[in-house]
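Undergrad: Structure, please.
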Amino acid sequence: MSVETNHHFAFFDEGSKKEIRRALLKAVAIPGYQVPFASREMPIARGWGTGGLQITLSIIGKNDTLKVIDQGADESVNAINIKKLVHVTTGVEITEHTNKASIIQSRHRIPEVPMTEEQILVLQVPAPEPLRNVEAKEHQTKILHAEEEYSGAWLMLFEQIMKYGRTSTGADHPVYVNNRYVMAPSPIPRFDNPKMYQSEALILLGAGREKKIYAVPPYTNVHSLAFEDYPFSVETFPGKSCRLCGAEDVFLDELQDSVTNETIYQCNDTSFCLERLNDSEKVEAEENYV
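TA: Numbers count the residues shown, from 1 in each chain. Prediction:
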């Protein structure tokens, strides 16, 4: 597919990309800090990844290779359309292999394959403010961050423990970045939070609707909020493995077999699963993937 010539490279004009890159530089310089930016109108609806897409379009170059995933899948409607937009406006190579991508844009997951210094992870974020549930006013949350007043975030976790006997954040569990800012990691599962700690890859987070950009630079300390007597824990699948590739110690989807009505498990990260299989097994797995 050739690149169309009736628009700028990577869709945006150079002024728009420069403004977003300035916000990214500030975000990298102050890990976990939410940097306001002038979120542009996009040919996709807000709430469908416009924040992450704006970051990707602003940093991508002709020699980059892009991978886009949506909740672990490369072939969801959202992922496919984002890939099409970026490819049509840049002509860059698209891949489904994590280790071949220089830029990975993701919704709700960090890939199972460990990322490297040569890669950038762009996360789509619907709600960037970790204190929104305890303070509705934007100017007040800014004051709380400035004063490092995070008792509201701790109170949320305490109330969950009192009610359920444990913290009940299934996703988007708040993290403490560089011993300074409490940050929303995007709705990744708790399973993925530890991957942010001392990550070799640069992690950029964009919220288009909320007009915020923030970042976790490489080799930054990122700790999930937790009490000493109620330590942070991730989702576990004891004794379970992927029905297709047999992988263990990965994030699994719990599904219902339509024929036997039994509970089955398979890798949430589809490309990771398929890469573990040989060519003949891949064909069968692709046919059986739910």
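
Undergrad: May I ask you to confirm that Gly52 belongs to a helix?
TA: Yes - membership of Gly52 in a helix is supported by DSSP: H, G, I helix; E, B strand; the rest coil.

Undergrad: Low-confidence bits of the protein, can you list those?
TA: Scanning the chain with the threshold set as pLDDT under 70 gives 1-6, 279-290.

Undergrad: Now with 80, please.
TA: Scanning the chain for pLDDT under 80 picks out the ranges 1-7, 45-47, 278-290.

Undergrad: In space, not sequence, find me the middle residue of it.
TA: With distances taken as CA atoms, centre = their mean, Leu123 lies nearest the centre of the chain, 3.4 Å away.

Undergrad: which strands and helices sit next to the helix or strand hosting that one?
TA: Using DSSP states H and E, Leu123 sits within strand 120-124. Under the contact criterion of 3 or more CB pairs under 8 Å, 6 or more residues apart in numbering; DSSP states H and E, strand 120-124 touches helix 50-59, strand 103-107, strand 202-207. (C-beta placed from N, C-alpha, C; glycine too.)

Undergrad: Repeat the analysis, applying 10 Å as the threshold.
TA: helix 50-59, strand 65-70, strand 103-107, strand 202-207, strand 212-216 (3 or more CB pairs under 10 Å, 6 or more residues apart in numbering; DSSP states H and E).

Undergrad: Please identify the buried residues of the second one?
TA: Neighbour-count burial for strand 65-70 flags 65-70 (criterion: 16 or more other CB atoms under 10 Å).

Undergrad: In JSON lines, list the residues you listed along with distance to Leu144.
TA: Converted to JSON lines, these look like this (distance: CB to CB, whole Å):
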{"residue": "Thr65", "distance to Leu144": "40"}
{"residue": "Leu66", "distance to Leu144": "36"}
{"residue": "Lys67", "distance to Leu144": "36"}
{"residue": "Val68", "distance to Leu144": "34"}
{"residue": "Ile69", "distance to Leu144": "33"}
{"residue": "Asp70", "distance to Leu144": "32"}
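
Undergrad: Residue ranges of each domain in the chain, please.
TA: 14-132+158-224, 236-290 (automatic domain parsing).

Undergrad: distance between the first one and the chain's centre?
TA: Mean C-alpha position of domain 14-132+158-224 versus that of the full chain (CA atoms, centre = their mean, to the nearest Å) differs by 4 Å.

Undergrad: hey, which of the domains of the chain is tucked in deepest?
TA: Of the domains of the chain, the one with the most neighbours on average (mean count of other CB atoms under 10 Å) is domain 14-132+158-224, at a mean of 19.

Undergrad: first vs last residue of that one, how far apart are they?
TA: Separation of the first and last residues of domain 14-132+158-224 by CA to CA, to the nearest Å is 37 Å.

Undergrad: Glu129 reaches Lys211, doesn't it?
TA: No - counting by CB atoms under 10 Å, Glu129 stays clear of Lys211, with 11.5 Å between them.

Undergrad: what sits in contact with each of those two?
TA: Gln34 (CB atoms under 10 Å, 6 or more residues apart in numbering).

Undergrad: can I get the CA coordinates of the strand holding Leu123 in PDB?
TA: Output in PDB follows, covering the C-alpha atoms of strand 120-124 (Å, rounded to 0.1, in the frame of the first residue of the first chain):
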ATOM      1  CA  ILE A 120       8.700   2.800  22.900                       C
ATOM      2  CA  LEU A 121       5.400   1.700  24.400                       C
ATOM      3  CA  VAL A 122       2.400   4.100  23.900                       C
ATOM      4  CA  LEU A 123      -0.600   3.400  26.100                       C
ATOM      5  CA  GLN A 124      -4.100   4.700  25.400                       C
END
